[in-house]
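**Student:** Predicted model and sequence follow; I will ask about them next.
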Amino acid sequence: MYKKYLRLFFVFLFSFEFLIPSFALNEKQKAFIEDLSARIGVPCKKFMFGVEGKSDEPTSPDNVPCALVPIRNIPEHKECMKAMFGSSGDAEYMRYYLGGKLSTDETVEKRVSYSVERMSGDTPQSLTFIITYGDESVGRIAVGPISLGSASNPEIGYSIKKEYSGKGITKSAVRCILDIMREMTFGKKYQFKKVRATAKPDNKASNAILSGLGFKKSSKMVDDGYGKENEYFYEFG
């Protein structure tokens, strides 16, 4: 009888790990997180984070509640992406992304659909999230390609709306997605060894984020088609 109740307790505890904490997420956002959580075996709470201050110490999640919400073909997510990469974006601010060229809104919507497609099914090929800050959609972060049951070294990319830059949101979001990947590795379904990232040499903010989170810079710069960039790797211990 004792073992029976002990087993029920752990089942309850495990289930609790996959519940959404009560804060600024709406019902759709909660549903999106719960769906991906179940498919990749990562507790819902791992998608939530607080913004780090200038001291590099985490603040209370109750202060500025944030989350990584799986991208979907909904107006809110499309408008967030258009505000960064589309016709309403700031070309000068976005000079570090995609060669500094803004896209048409139609192209941005196609990219959203492509990202959603790659996240579908029981074994997503990549992970793309909309970064929420309070109740606002403020940025995008993605990692891929990923594969089930085999070692892979995906690449991480991120961007944030101009008006939300400099608040520590991006660094906190990168830390959050690394924690998600680490949890995926603990589950034994995925075998991430390291993750790659690149940053333009004069993009001080991005270089500081990567080095501050433990990414190690390669000795030589690389060119992936958008000019020379610093190359970084984060290794999962």
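**Tutor:** Arrived safely. Numbering: from 1, shown residues only.

**Student:** residue boundaries of the helices in this protein?
**Tutor:** 2-17, 27-40, 75-85, 105-118, 169-186, 204-212 (DSSP state H).

**Student:** tilt between the shortest one and helix 169-186?
**Tutor:** Pointing back at helix 204-212 there. 30 degrees (axes from the mean of the first three to the mean of the last three CA atoms, to 10 degrees).

**Student:** Could you list every helix and strand in contact with helix 204-212?
**Tutor:** Applying 3 or more CB pairs under 8 Å, 6 or more residues apart in numbering; DSSP states H and E, we find helix 204-212 packed against helix 169-186, strand 194-199, strand 228-235. All C-beta atoms are positioned from the backbone trio N, CA, C, and that covers glycine.

**Student:** coming back round to it: which of the helices of the chain sits closest to I131?
**Tutor:** Checking these against I131 by CB to CB gives helix 169-186 as the closest, at 4.9 Å.

**Student:** Would you point out which residue is most central in the chain?
**Tutor:** I141 (4.0 Å; CA atoms, centre = their mean).

**Student:** circling back: make JSON lines from the helices and strands packed on helix 204-212 and add mean pLDDT to it.
**Tutor:** Compiled in JSON lines, those are given as follows (pLDDT from 0 to 100):
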{"stretch": "helix 169-186", "mean pLDDT": "93"}
{"stretch": "strand 194-199", "mean pLDDT": "95"}
{"stretch": "strand 228-235", "mean pLDDT": "96"}
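
**Student:** Format these as a markdown table; extra columns: distance to L102 and mean neighbour count.
**Tutor:** Rendered in a markdown table, the data for the helices and strands packed on helix 204-212 read as follows (distance: least, CB to CB, whole Å; neighbours: other CB atoms under 10 Å):
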| stretch | distance to L102 | mean neighbour count |
| --- | --- | --- |
| helix 169-186 | 20 | 20 |
| strand 194-199 | 20 | 20 |
| strand 228-235 | 19 | 18 |
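
**Student:** want to throw these into a markdown table with distance to I146?
**Tutor:** Putting those into a markdown table (distance: least, CB to CB, whole Å) gives the following:
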| stretch | distance to I146 |
| --- | --- |
| helix 169-186 | 8 |
| strand 194-199 | 10 |
| strand 228-235 | 15 |
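
**Student:** P154 is nearest to which of those?
**Tutor:** strand 194-199 (5.7 Å).

**Student:** one step back: with respect to L210, which of the helices and strands packed on helix 204-212 lies nearest?
**Tutor:** Closest to L210 of the helices and strands packed on helix 204-212 is strand 228-235 (CB to CB; 4.6 Å).

**Student:** tell me which strands and helices that closest one is in contact with?
**Tutor:** Going by 3+ CB pairs under 8 Å, 6+ apart, strand 228-235 lies up against strand 194-199, helix 204-212, strand 216-217, strand 222-223.

**Student:** Now do that strand against helix 204-212, angle only.
**Tutor:** Going by the same axes, to 10 degrees, strand 228-235 makes 30 degrees with helix 204-212.

**Student:** Strand 228-235 pairs with which strands?
**Tutor:** strand 194-199 (antiparallel), strand 216-217 (antiparallel), strand 222-223 (antiparallel) (DSSP bridges).

**Student:** I am finished for the moment; much appreciated.
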